[in-house]
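Asks: The amino acid sequence is not available; the structure is as follows:
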């Protein structure tokens, strides 16, 4: 989790987020570090974009669910556009989560160039 804290502080230093947003992110990280109870609701959103042409991950991010709404603001524009073209609406994903979707893959798009997936863990 040290790496995530440093990223948050770097975003604050660069002016990408406010001090309040940094505080919220760090607070959510501390909450997410506590072990989950058996049968508990998902606590992480995993976003993965795998490039088939070079067999490498373009994006492989684990985001605490409590931070997802804030973190989604930092998804690169090109990826957001691509996800939108593929029918992925992040607001609907978050809404589904709040309505009680359990662990597992909630979105997967496999096109000719890449595989985009969003999973709850």
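Replies: Arrived safely. Being a predicted model, the structure only gives us computed values, none of them experimental.

Asks: Any regions of the chain where pLDDT drops low?
Replies: Low-confidence segments of the chain, defined by pLDDT under 70: 1, 31-42, 74, 96-103.

Asks: quick one: the spatially most central residue of it from residue 13, how far?
Replies: In the chain, the centroid-proximal residue (C-alpha atoms, centre = their mean) is residue 63; its distance is 4.2 Å. Distance check for residue 63 against residue 13: by C-beta to C-beta, to the nearest Å, it reads 20 Å. The C-beta positions use only the backbone N, C-alpha and C, and glycine is treated the same way.

Asks: Residue 80 now?
Replies: The value you get for residue 80 to residue 13, if C-beta to C-beta is used, is 24 Å.

Asks: Neighbour count: these two, which is higher?
Replies: A count of neighbours by other C-beta atoms under 10 Å puts residue 80 above the other of residue 80 and residue 13, at 14 against 10.

Asks: Tell me how many other residues surround the residue lying closest to that one once chain neighbours are set aside.
Replies: Take residue 80 and drop its neighbours on the chain: the residue closest to it by C-beta to C-beta, 6 or more residues apart in numbering is residue 90, 7.8 Å away. Residue 90: 19 surrounding residues under other C-beta under 10 Å.
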